[in-house]
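All I have is the shape, not the residue letters:
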Ligand code: ADP
Ligand code: MG
């Protein structure tokens, strides 16, 4: 553990800079939160106040420079204007980390942004790590540190929370009171001018008290580091990315840019790294709590046990809508379970124990036992509805059967679906205390259980050193690379491009067409002409010399004189898009999906951070709504998915070897059976490398 993380979470001496004896002021709230005897914080607390010699009984100094040394952590709640000076003092007093609570910085506009830059500069100059500004603070339940706005210290537990919004720091406390959810460390990053989510994830990944990491992200500061860190850790990470609505700022010149918004890339990257991605804050906290209590779901097959047929059916629908399955059990397993049920019960799955409540405990026990010890099922969900929930012996039976299976080395998760009155709450608390999540009603049960399953990250290819793709000679003012060079580069890279040539006049066009074989396609080649078919610059089905020469002449009339690209006309097939681009936070991204001229209307693409291997590329097909088009339809042969995966994966690696390239769009790649042929390629260089 490096010094600043230690200082932040386990400070031996903390200074509240801007401490106040006046209730209602932030300086009072932070000091009294930190000082609450019930939290058991054993570090020394000091106050920094311009004139007082003590605040609420704690010694006070006029400046950090005059305070006893060392101060590990400064919690800064002074008014805005004083903050750059306070951070300078932190530097002078060798305070390793400062948490700036005060708001009014970059979140308010240009003036605030300037002040934030001053603070960042002062921190850098003084070697101080900055948390915030504009944040909720920091909590460590192990040391009893509550240097935050939270009205209390949450219960101890395995979840560490990284949040941008302070509201979720508070929500964590209420989930711990209401749901017994335990937390290890909580930190709010606010404006993230210094420490960011990737820095903390890196720390939590090796922090022994953290079993599960929950992250609420509004923005992502260092996408690539976040991805690399998340992919490298075995600890479950649950993340909610807010601000998912489309990013309208990005110019939509290329499809890859338009279809890979910042939010889409972030979500794809998190999933690719094996993160449990959720869509709302309550699910974030509850899934994190579930993963602290139970192992993740490592399969799709769910065994449901219920005393209500209707609830079992509802739960089955909801589980299946989340991509899980409630499969029929084998005859042997059914027979084993049926032995414990009344004759009118069902052991098919959902297992229906009927209303014979006098035998509930024994029937739940036998069913949990059988499902836990069977390899037909990946998770067990007892539904406890009304009477079964009200009977303490049923909860006891589920706990006992689960623990027996755990003792026998079974690692599959058990989650209870709870539909009961408040009067049964003591039984629910008993289950929670035994580490069995109890979700209210089927919808939350299905959502939470499904979110505990995440894909195992695929191995990532290593890029061979050297062998960089050379910068092409002809790049126009907008960064676009001419077709001839684009196609040549792709050919040199071993990619399958349609036979092509650049022609300078109508006669040459006709002569080349004769060599290529009819029909051919002619495309006007002009600088700035990027959406060619929209502009009438693509002519297909040219069947003879005369048609080719005429098309060339038409282009000259329409666009002024200039060359054309002539191509072999590829037989119709499925039009796919494969593209790559550089994201400013996540780096190289690869995209694949259904392409052609309908691409933006379909918006059916999958994204991954590049480089990827063939397995990762194959996993992209499962995300396409139009996946069926790939496996052969209306008498067409299926497309060779291994070859397509190989093309996507090798393009992702090729792009990583072309650091001058900003984006690349192959649209379409025409696919028919085993054949994959690129007929259009659009490449744009990063502006500064144009002149490099
Ligand atoms: P742009 O994307 O700039 O409009 P394209 O070169 O992609 O231009 O051509 C538009 C459409 O024309 C393609 O989506 C494809 O349907 C068809 N097309 C273009 N070139 C060929 C070709 N060589 N063989 C068959 N069809 C082609
Ligand atoms: Mg195109």
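Perfect, thanks for sending it. In this text, all values refer to a predicted model and were calculated from it rather than measured experimentally. Ligands and ions are numbered 1, 2, ... in the order given.

Relative to residue 598, how far out is the residue sitting nearest the centre point of the chain?
Most central in the chain under Cα atoms, centre = their mean is residue 270, positioned 2.7 Å from the mean C-alpha point. Per Cβ to Cβ, to the nearest Å, residue 270 is found 28 Å from residue 598. (Glycine included, C-beta is placed from N, CA and C.)

And residue 298, by the same measure?
Applying Cβ to Cβ to residue 298 and residue 598 gives a distance of 38 Å.

Have a look at those two and say which one is more surrounded.
For residue 298 versus residue 598, neighbours defined as other Cβ atoms under 10 Å are more numerous around residue 298 (14 against 11).

Which part of the protein gets nearest to ligand 2, residue-wise?
Relative to ligand 2, the nearest point of the chain is residue 680 (3.5 Å; Cβ to the ion).

Could you say which helix or strand holds the closest residue to that residue other than its chain neighbours?
Excluding the flanking residues, the one nearest residue 680 by Cβ to Cβ, 6 or more residues apart in numbering is residue 667, at 5.6 Å. Using DSSP states H and E, residue 667 sits in strand 661-672.

same deal with residue 515?
helix 506-516.

can you pull the contacts of residue 159?
181-184, 210-214, 285, 288-289, 292 (Cβ atoms under 8 Å, 6 or more residues apart in numbering).

In strands, which of those residues fall?
183, 184, 212, 213, 214 (DSSP state E).

With pLDDT as extra columns, can I get these in TSV?
As requested, the ones in strands among the contacts of residue 159 are exported to TSV (pLDDT from 0 to 100):
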residue	pLDDT
183	97
184	98
212	98
213	98
214	98
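
near ligand 1, from the residues you listed?
With Cβ under 6 Å from any ligand atom as the criterion, the ones in strands among the contacts of residue 159 include none near ligand 1.

Pull the contacting residues for the nearest residue to residue 350 once chain neighbours are set aside.
Leaving aside its chain neighbours, residue 350 sits nearest to residue 312 (3.4 Å; criterion: Cβ to Cβ, 6+ apart). By Cβ under 8 Å, 6+ apart, the residues touching residue 312 are 304, 306, 350, 352, 383.

Can you tell me which of these has the most neighbours?
residue 306 (29 neighbours).

Next, that residue: phi, psi?
For residue 306, the backbone dihedrals are phi -140, psi 150 (criterion: degrees, to the nearest 10).

pLDDT at it, what is it?
Note on residue 306: pLDDT of 97.

Show me what it bridges to in the sheet.
residue 352 (DSSP bridges).

Tell me if I'm right that it and residue 354 touch.
No - Residue 306 lies out of contact with residue 354 (Cβ atoms under 8 Å); the separation is 9.8 Å.

still on that earlier bit, need the contacts of residue 312 in TSV with distance to ligand 2, can you?
What follows is the contacts of residue 312, written out as TSV (distance: Cβ to the ion, whole Å):
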residue	distance to ligand 2
304	49
306	54
350	50
352	56
383	52
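
What is the nearest of those to ligand 1?
residue 304 (47.7 Å; Cβ to the nearest ligand atom).

and the residue nearest to residue 350, what are its phi and psi?
Torsion angles, degrees, to the nearest 10, at residue 312: phi -60, psi -40.

Residue 352 versus that one, what's the distance?
From residue 312 over to residue 352 (counting by Cβ to Cβ), the distance is 6 Å.

Mind checking what secondary structure residue 534 has?
coil (DSSP: H, G, I helix; E, B strand; the rest coil).

Near ligand 1, which residues of the stretch 51-200 of the chain are found?
Counting by Cβ under 6 Å from any ligand atom, no residue of the stretch 51-200 of the chain is near ligand 1.

do the same with the chain
Checking the chain against ligand 1 by Cβ under 6 Å from any ligand atom, the hits are 498, 521, 523, 531-533, 538, 540, 567, 569-570, 575, 596-597, 667-668, 679-680.

Swap in 8 Å and give it another go.
For the chain, the residues in contact with ligand 1 (Cβ under 8 Å from any ligand atom) are 498, 520-521, 523, 529-535, 537-538, 540, 567-572, 575, 595-597, 667-668, 670, 677, 679-680, 682.

Find the helix or strand that residue 161 is a member of.
Residue-wise, residue 161 maps onto strand 156-163 under DSSP H and E.

Who are the packing partners of the helix or strand just after that strand?
For strand 156-163, the following helix or strand on the C-terminal side (DSSP H and E) is helix 166-179. In terms of contacts (3 or more Cβ pairs under 8 Å, 6 or more residues apart in numbering; DSSP states H and E), helix 166-179 is packed against strand 137-140, strand 156-163, strand 183-188, helix 281-293.

Give me the buried stretch members for helix 166-179, please.
166, 168, 169, 170, 171, 172, 173, 175, 176, 179 (16 or more other Cβ atoms under 10 Å).

average model confidence for that helix?
89.

between that helix and helix 281-293, how many degrees?
Helix 166-179 and helix 281-293 meet at an angle of 50 degrees, taking axes from the mean of the first three to the mean of the last three Cα atoms, to 10 degrees as the criterion.

between helix 166-179 and strand 156-163, how big is the angle?
Using the same axes, to 10 degrees: helix 166-179 against strand 156-163 is 160 degrees.

Go through the helix or strand residue 310 falls within and flag the buried ones.
Using DSSP H and E, the element containing residue 310 is helix 309-321. Neighbour counts over helix 309-321 (16+ other Cβ under 10 Å) mark 311, 312, 314, 315, 316, 318, 319 as buried.

Tell me the first helix or strand C-terminal of that helix.
Helix 309-321 is succeeded, C-terminally, by helix 331-338 (DSSP H and E).

And the contacts of that following helix?
Contacts of helix 331-338 (Cβ under 8 Å, 6+ apart): 329, 345, 347, 348, 351, 366, 367, 370, 371, 374, 376.

what are the bridge partners for residue 54, then?
When assigned by DSSP bridges, residue 54 has beta-bridge partners residue 59.

Might you enumerate the residues of the stretch 51-200 of the chain proximal to ligand 2?
Within the stretch 51-200 of the chain, no position is near ligand 2 by Cβ under 5 Å from the ion.
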